[in-house]
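Student: this one's structure only:
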């Protein structure tokens, strides 16, 4: 009789353990997996990066807006010149996006903006030995070229051995008001 009670207690314990395990497993199945949220972190150790294309689409004017503006305000320009400016803007945006994406793939977190002679006076917030970080790009995508129609600035990956002036690299920093004084895109050069 004692053996019967012990066997009954063991069977009851196993049954209750099985029921408890089944309830836990069913509870886990009912929970929805967390929604995917990209990590808006930057730097070379980031797991995921926010797409720079979305940032540029948000901050830079739409192609249709540029086209409308150039036709309305610069009707005296030949159609071929207007189309060249529009094509250059689109190509420069695509180039900038491809360079940032290449930096993300290669885990390069610093970039430089190559300036042409005409851009030095218009882009006063940049120097010839400037550099941008991926963190700055994440927080202030307006600092990416192109800055205005006809802009000759080009984004490039910054390599440690590149130094055009031998005086050292200078970080692009905001002005005292905390903003980067990027030229208005309506400037025509």
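Tutor: Done, it's in. This is a predicted model, so every value here is computed, not measured. Numbers count the residues shown, from 1 in each chain.
Student: what sits against the nearest residue in space to residue 77 that is not next to it in sequence?
Tutor: Once flanking residues are discounted, residue 77 sits nearest to residue 70: 7.5 Å by C-beta to C-beta, 6 or more residues apart in numbering. Where C-beta positions appear, they are placed from N, C-alpha and C, glycine not excepted. Residue 70 makes contact with 77, 82, 85, 86, 149 under the criterion C-beta atoms under 8 Å, 6 or more residues apart in numbering.
Student: What about these, which are in helices?
Tutor: Among the contacts of residue 70, DSSP state H puts 82, 85, 86 in helices.
Student: Quick check: the gap between the second one and residue 186.
Tutor: Going back to what we said before, that points to residue 85. To residue 186, residue 85 is 12 Å away according to C-beta to C-beta, to the nearest Å.
Student: now the first one
Tutor: For residue 82, the distance to residue 186 equals 14 Å [C-beta to C-beta].
Student: Comparing these two, which residue is more hemmed in?
Tutor: Set residue 82 next to residue 186 and count neighbours by other C-beta atoms under 10 Å: residue 82 wins out with 16 against 12.
Student: Angles on the backbone of residue 107, please.
Tutor: phi 60, psi 40 (degrees, to the nearest 10).
Student: same question, residue 62
Tutor: Main-chain torsions, residue 62, degrees, to the nearest 10: phi -70, psi 150.
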